[in-house]
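Asks: sequence and predicted structure below; questions after.
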Amino acid sequence: MADPLVTVVMPCLNEEDNIARAVESLADDYVLRNGEILIVDGGSTDRTREIVTELAAKYPLRLLANPGRLQAHGMNIGIREARGRIIIRADAHCLYPPDYVRRCIQMLEKEGVFNAGGVMVPVGETPIQKAIARAMRHPVGVGDAKYHLGDYRGYYDGVYLGAFKKSVFEDVGSFDPRAHPNEDAELNLRIVKSGRKIFLDGSLEVLYRPRKTFSKLFRQYFHYGRGRGYTTLKHRRFTSWRQVLPPVLILGLLGSIVLSFLVHPLFIVVPGLYGASVFLVAQLGKFNPPASPRERFLIFAAFVTMHVAWGSGFLSKLLTFSRSDG
């Protein structure tokens, strides 16, 4: 199409297991008539590029190279190459509901906003992955983030992924790679600060494949914390209480351990109280569908992993932040 209405931009790296399903769930009749899909590859060493080349024979799809590897670089490359006036941010880890692109565009136009989208719905396959998915949809795991919790429709400070009017990037700037992997939230903060609005529809559910091990979950959330730390320092503000609690938790745990050696052994009760409270939430909390005792223990482990990793990542960014970061 010479002048498409919409461009779907999907950065990726080594996604041979997911990319075909992600593209096929996006490329419905609406996209075939009105859009293009740009796959921006960060140097995959598996069969990702080969699969994308095969998909290009069936769909309006172009494969672009991303020397910077990070998703923010990939998004910026895709935006520069996009021919559509609307940009859909897509992730290769996801499956998209029917009419996803059309519904996003309808929200943009009807609500008069500059970013619109839905919520992330984690779906696991293995026992650990399922537990992580449950933790990522629970307030103890993600705080008050409505694009994780769902059940909300209205103006908000962010959405999962998002659909943007291309003009917004000309006005507020592109994705900031230094905020990785918090570049979406950092961009949304600039959109809101500019006086523009973001619209969230909790009924628009994007299925997401979470990490399969706790070690990978820790690395993911450590980087999430570092990215949020950069965003907080860059803009000199917290945007929610959920960003304050994890670093305060880490400081409290470390401080109590030190004080238990230097002042009194009873200070060690603080980590115990934290662990016990999170364990009780995992054991007694409501989950849908109901969770078995073993599943609840794994959910407890996911909660603790997310808290400790995010808080540690945030504090590590505070300690290493430099003038060049700002």
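Replies: Looks like it arrived, so ask away. Numbers count the residues shown, from 1 in each chain.
Asks: tell me the contacts of the closest residue to residue 190 other than its chain neighbours?
Replies: Nearest residue to residue 190 in three dimensions, chain neighbours excluded: residue 172, at 4.5 Å (Cβ to Cβ, 6 or more residues apart in numbering). Any C-beta I mention is one placed from the backbone N, CA and C, and that applies to glycine too. By Cβ atoms under 8 Å, 6 or more residues apart in numbering, the contact set of residue 172 is 187, 190-191, 194, 196.
Asks: let me see the backbone angles for residue 172.
Replies: phi -110, psi -10 (degrees, to the nearest 10).
Asks: now the strands: where do they sit in the protein?
Replies: 6-12, 35-41, 61-65, 86-89, 94-95, 115-122, 153-155, 160-165, 198-208 (DSSP state E).
Asks: re the thing from before, the contacts of residue 172, buried ones only, as a PyMOL selection?
Replies: A single PyMOL command selects the buried members of the contacts of residue 172 (16 or more other Cβ atoms under 10 Å):
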select buried, resi 187+190+191+196
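Asks: now residue 101: how far from residue 56?
Replies: Going from residue 101 to residue 56 by Cβ to Cβ, to the nearest Å gives 18 Å.
Asks: show me which of these two is the more surrounded one.
Replies: residue 101 (23 against 15; other Cβ atoms under 10 Å).
Asks: mind listing what that one touches?
Replies: Contacts for residue 101 (Cβ under 8 Å, 6+ apart) come out as 6, 8, 26, 28, 30-31, 35, 88, 163.
Asks: longest helix anywhere in the protein?
Replies: helix 293-320 (DSSP state H).
Asks: so which elements touch that one?
Replies: helix 127-135, helix 139-142, helix 214-235, helix 245-262, helix 269-284 (3 or more Cβ pairs under 8 Å, 6 or more residues apart in numbering; DSSP states H and E).
Asks: show the model's pLDDT score for the residue minimising distance to the centre of the chain.
Replies: Nearest to the mean C-alpha position of the chain, by Cα atoms, centre = their mean, lies residue 160 at 6.4 Å. For residue 160, the pLDDT comes out at 96.
Asks: what about stretch 62-74, start to end distance?
Replies: 13 Å (Cα to Cα, to the nearest Å).
Asks: so which elements touch the lowest-mean-pLDDT helix or strand in the chain?
Replies: Taking mean pLDDT, DSSP states H and E as the measure, helix 146-149 is the helix or strand of the chain with the lowest mean score, a mean of 90. For helix 146-149, the packing partners by 3+ Cβ pairs under 8 Å, 6+ apart come out as strand 115-122, helix 139-142, strand 198-208.
Asks: residue 119: neighbouring residues, count only.
Replies: 24.
Asks: can you get me a residue count around the nearest residue to it once chain neighbours are set aside?
Replies: In space, and not counting its chain neighbours, residue 119 is closest to residue 150: 4.6 Å by Cβ to Cβ, 6+ apart. Using other Cβ under 10 Å, residue 150 has 19 other residues around it.
Asks: domain ranges for the chain?
Replies: For the chain, automatic domain parsing gives the domain ranges 6-210, 235-320.
Asks: return the most buried member of these.
Replies: Per-stretch averages of neighbours, counted by mean count of other Cβ atoms under 10 Å, single out domain 6-210 among the domains of the chain, with a mean of 19.
Asks: can you give me how far it is from the chain middle?
Replies: Computed by Cα atoms, centre = their mean, to the nearest Å, the chain-centroid distance of domain 6-210 equals 9 Å.
Asks: output the below-cut-off pLDDT ranges for the chain.
Replies: Residue ranges of the chain with pLDDT under 70: 1-3, 322-326.
Asks: now residue 74: closest residue in space that isn't a chain neighbour?
Replies: Closest residue in space to residue 74, ignoring its immediate chain neighbours: residue 11 at 2.8 Å, by Cβ to Cβ, 6+ apart.
Asks: list the contacts for the nearest residue in space to residue 174 that is not next to it in sequence?
Replies: Spatial nearest neighbour of residue 174, excluding adjacent residues (Cβ to Cβ, 6+ apart): residue 76 at 4.6 Å. Applying Cβ under 8 Å, 6+ apart, we find residue 76 in contact with 174-175, 177.
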